[in-house]
Structure formats: structure tokens, C-alpha cells
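> The sequence and its predicted three-dimensional model are supplied below.
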Amino acid sequence: MTSPEQDRKELVEWQRNPPAGFKHKVTDNLQRWIIEAIGAPGTLYANDTYQLQVDFPEHYPMESPQASVIFLPPAPLHPHIYSNGHICLDILYDSWSPAMTVSSICISILSMLSSSTEKQRPIDNDRYVKNCKNGRSPKETRWWFHDDKV
């Protein structure tokens, strides 16, 4: 079960050694982090700024924070990021490990953005977003990880 001490420990580590291109926006809620992400230099997203929301589940880190690692509007245009902010990234779901941290998630997301060759929505964006009405979590989606190029 996640505890305030564990959340604080991860936050202290983040403040001591934040991943390049990310900044934690301080709030009173240790269970929900808002993180500013800045696109890496030399990529399609260079200097673009986005906000990630990370909600920690009750059993974090044994359970991934995938229920809510989402981009707040406006989400970046990317083949693996839906317009509602949901992210199709295997480490948030099938490949989660309790050894991962918010920092490692952020680095993976930045890598995914940096490797993209075009700014576009996933081809099934409209259908997916329509099916996510009424607050459906990305955790309820059966993801199909078929494209490791972006």
C-alpha cells in the first residue's frame, strides 16, 4: 500500500535529482503530481511544454500509476498519445515493474516523444476517445503494443 512516507520519499528523490526536461509543480496533494514536460532539443517537440498528471494508486509501486499517467489538455500530437491525454506506452501497463519511478516513467515518455518522426494523433483516436467518455480510465483499455518505432 502506498503511504505518505513513500510518496514523500519519491518526491524528495525527484527534487534532489529531477529528470532533465521535467519540473514537478508543487501542490498539497502527494497522491497526484502535476509535472511540466519540455520537449527535448533537436526533436519535433523541442521547447514545447506539456503537463502530465500522475495519480498514485493505493498499492503503488507494486501497482503502476497507469490509471492516471495522462497528459492534461492540450496533449501533444503523437502517434501514441490520444487527444484525451491517454498514453499508449507498455511500461504503464504490461511492462510495469515496482522498481520503476515517476522519473523513469518521465524519461520513457520523453524518449517516446523524441523518437517520433511526425506530429499526428493515433489512427484510431476518434473511436478511442469516443469510447472513453464518462471518465473511463486508460487502465480499462486492452492495449495492443505493435509499434516500437515511435
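Structure received.
> What is the least confident helix or strand in the chain?
helix 4-16 (a mean of 77; mean pLDDT, DSSP states H and E).
> where in the protein is pLDDT low?
1-7, 66-67, 134-150 (pLDDT under 70).
> where do the strands sit along it?
22-25, 32-38, 49-55, 69-71 (DSSP state E).
> Quick check: which of those strands is buried the most?
strand 69-71 (a mean of 23; mean count of other CB atoms under 10 Å). For every residue, glycine as well, the C-beta is placed using N, CA and C.
> Out of the strands of the chain, which is closest to residue 133?
strand 69-71 (15.1 Å; CB to CB).
> now what about that closest one, what contacts it?
Around strand 69-71, the neighbours that count as contacts under CB atoms under 8 Å, 6 or more residues apart in numbering are 50-55, 81, 84-87, 92, 105, 109, 138.
> Now with 6 Å, please.
Strand 69-71 has contacts (CB atoms under 6 Å, 6 or more residues apart in numbering) with 50, 52, 53, 54, 85, 86, 92.
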